[in-house]
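Asks: This is the structure alone, sequence omitted:
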Ligand SMILES: [Zn+2]
Ligand SMILES: [Zn+2]
């Protein structure tokens, strides 16, 4: 059983549209995952950044009610801001289940409701046509219709989830770890053995989508901000024995040329330290067959 992932948004922090970012895309984090050989045709969505709008338009083309699961890594704007523009939410008969962590004492549903508070958005959460269910998840595992989802808390402000997906009947795996500071900066409630557990969590993963927002100069300047450099991402992928690394959460200040440069430097580092690791840069519209 294989997996197919599609990237609908690879940008971090804030949308960065414009001619200089057109190749990698300006939309923020959203990835869809399908099990092409599964009869259910189910779609699992990872994050609801602004990229989810185009995914919603695609799903609406089928002109039938949509039944999807959305797993939210955390609730910073760039990971939920597209949700109010996700077309299936406005379609009668559609069902959307949203999985994610509480932020402190605040329920995920409360956060999504506030995002659509009438003072900032015209349609309240209760005004949506789709049937909506919000489920809290923390570290551990849960199953989504033939796909096992493993969850680990990562090093980022708030309660942020790293995800690993694998067909329940076995087969290749995909890890989605956007927004994660693998360096020593910051103060996160993840325990002193975090790095060892993280490497085990990723052990032998086929495709790792990982935060690589910064260059080496930037990561020094922004230590404690919750993100990684591309070198740190390569090191983690190599240590875990990942087969492919997808650079993700591109810095909104990096234009296409800057991401090209970052990618070629990441490949040079991988060639030196990571054997056969394949490194690519996440790009809007990119399909990953896993
Ligand atoms: Zn982010
Ligand atoms: Zn974040």
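Replies: That came through, no problem. As the structure is a computational prediction, the values presented were derived from the model and not from experiment. Ligands and ions are numbered 1, 2, ... in the order given.

Asks: OK, contacts around the residue of the stretch 151-290 of the chain found nearest ligand 2?
Replies: In the stretch 151-290 of the chain, no residue comes nearer to ligand 2 than residue 179, which is 3.9 Å away by CB to the ion. Every residue, glycine included, has its C-beta placed from N, CA and C. Neighbour list for residue 179: 12, 73, 74, 76, 79, 154, 156, 160, 211, 226, 227, 249 [criterion: CB atoms under 8 Å, 6 or more residues apart in numbering].

Asks: do the same with residue 159
Replies: The neighbours of residue 159, taking CB under 8 Å, 6+ apart as the test, are 74, 101, 102, 103, 104, 138, 153.

Asks: let's see 7 Å
Replies: Residue 159 makes contact with 74, 101, 102, 103, 153, according to CB atoms under 7 Å, 6 or more residues apart in numbering.

Asks: Give me the buried subset of those.
Replies: 74, 101, 102, 103, 153 (16 or more other CB atoms under 10 Å).

Asks: picking up where we left off before, helix or strand for the residue lying closest to the residue of the stretch 151-290 of the chain closest to ligand 2 once chain neighbours are set aside, which one?
Replies: Nearest-residue entry for residue 179: residue 156, 4.5 Å, with adjacent residues in sequence omitted and distances by CB to CB, 6 or more residues apart in numbering. Per DSSP states H and E: residue 156 is located in neither a helix nor a strand.

Asks: Let's see the pLDDT reported for residue 95.
Replies: We have a pLDDT of 96 for residue 95.

Asks: so how far is residue 89 from it?
Replies: In this view, residue 95 and residue 89 are 10 Å apart by CB to CB, to the nearest Å.

Asks: same deal with residue 75?
Replies: 17 Å.

Asks: Repeat that for residue 42.
Replies: 18 Å.

Asks: So between these two, which is more surrounded?
Replies: Under the criterion of other CB atoms under 10 Å, the comparison of residue 42 against residue 89 puts residue 89 first, with 21 against 16.

Asks: Shouldn't that one be within a strand?
Replies: No: assessed with DSSP: H, G, I helix; E, B strand; the rest coil, residue 89 is helix; it does not lie in a strand.

Asks: which residues does it contact?
Replies: Counting by CB under 7 Å, 6+ apart, residue 89 touches 96, 128, 130.

Asks: which bits of the stretch 151-290 of the chain sit near ligand 2?
Replies: residue 179 (CB under 5 Å from the ion).

Asks: which stretches of the stretch 151-290 of the chain form strands?
Replies: For the stretch 151-290 of the chain, strands defined by DSSP state E, counting those that start in this stretch occupy the ranges 161-167, 174-177, 207-211, 244-248, 278-281, 287-289.

Asks: Of all these, which one comes closest to ligand 1?
Replies: Nearest to ligand 1, of these and by CB to the ion, is strand 207-211 at 7.9 Å.

Asks: Can you give the distance of the closest one from its chain's centre?
Replies: 9 Å (CA atoms, centre = their mean, to the nearest Å).

Asks: Let me see the mean pLDDT of it.
Replies: 98.

Asks: helices and strands around it, which ones?
Replies: strand 174-177, helix 230-240, strand 244-248 (3 or more CB pairs under 7 Å, 6 or more residues apart in numbering; DSSP states H and E).

Asks: Residue 256 is in contact with residue 25, isn't it?
Replies: No: at 9.5 Å, residue 256 does not count as touching residue 25 under the criterion of CB atoms under 7 Å.

Asks: Please say which of these two ends up with more neighbours.
Replies: residue 25 (25 against 17).

Asks: residues contacting the nearest residue to the more buried one once chain neighbours are set aside?
Replies: Leaving aside its chain neighbours, residue 25 sits nearest to residue 284 (2.7 Å; criterion: CB to CB, 6+ apart). Residue 284 makes contact with 7, 8, 9, 10, 24, 25, 27, 51, according to CB under 7 Å, 6+ apart.

Asks: Would you mind naming what in the stretch 51-200 of the chain lies close to ligand 1?
Replies: Counting by CB under 5 Å from the ion, the stretch 51-200 of the chain sits next to ligand 1 at 78, 179.

Asks: Output the residue of the stretch 51-200 of the chain whose distance to ligand 2 is smallest.
Replies: residue 76 (3.5 Å).
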